[in-house]
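In: for reference, the sequence and a predicted model appear below.
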Amino acid sequence: MTEHNTHRLHAHVEGMVQGVGFRYFVLRSAQALGLTGWVRNRYDGRVEVMAEGTLTNLNRLLRELRRGPHRSDVWNVNYQFEEARGDFERFSVLSTG
């Protein structure tokens, strides 16, 4: 993967990540990095993130996901990088899925 191409990060964050402002923490972080995509709570207690942007900024977001907001407790982040599809115009919070 080269830096100047757009890539996609698909991540699932495990831990105490619901009810602590995690989705809005991700929203602010992604917007600050100029990423597009979405974040949502999962019914199983995880938070799911789909983001597109440069590899550098996706790795920065990944660091933020591992840190989380101050009230969270992140145990694990499962993720994969994929080829970007250009499906998103902005970064948003979706309903639980």
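Out: Good, I have the coordinates. Numbering: from 1, shown residues only.
In: hey, let's count contacts and neighbours off CA atoms from now on
Out: Fine.
In: spatially central residue for the protein, please.
Out: V49 (3.6 Å; Cα atoms, centre = their mean).
In: was I right about it contacting H12?
Out: Yes. In this structure V49 lies within contact range of H12 using Cα atoms under 8 Å: 6.4 Å.
In: rewinding a little: so the residue nearest to the centre of the chain: helix, strand or coil?
Out: Classification of V49 by DSSP: H, G, I helix; E, B strand; the rest coil places it in strand.
In: I'd guess Q31 is in a helix, am I close?
Out: Yes. The assignment for Q31 is a helix, going by three-state DSSP.
In: quick check: it touching F91?
Out: Yes. With contact defined as Cα under 8 Å, Q31 and F91 form a contacting pair (6.5 Å).
In: looking at these two, which is more packed in?
Out: F91 (21 against 14; other Cα atoms under 10 Å).
In: and that one, how far from W75?
Out: 24 Å (Cα to Cα, to the nearest Å).
In: again, but for A51
Out: For A51, the distance to W75 - Cα to Cα - is 20 Å.
In: between these two, tell me which one has more neighbours.
Out: A51 (26 against 12).
In: per-residue confidence at the more buried one?
Out: According to the prediction, A51 has pLDDT 98.
In: show me what contacts the closest residue to it other than its chain neighbours?
Out: Among residues not flanking A51 along the chain, G37 sits closest, at 4.4 Å (Cα to Cα, 6 or more residues apart in numbering). Residues near G37 by Cα atoms under 8 Å, 6 or more residues apart in numbering: 49-52, 87-92.
In: now do 10 Å
Out: 8-10, 27, 30-31, 49-53, 86-94 (Cα atoms under 10 Å, 6 or more residues apart in numbering).
In: what do you get for E52?
Out: 6-10, 30, 34-38, 58, 81-91.
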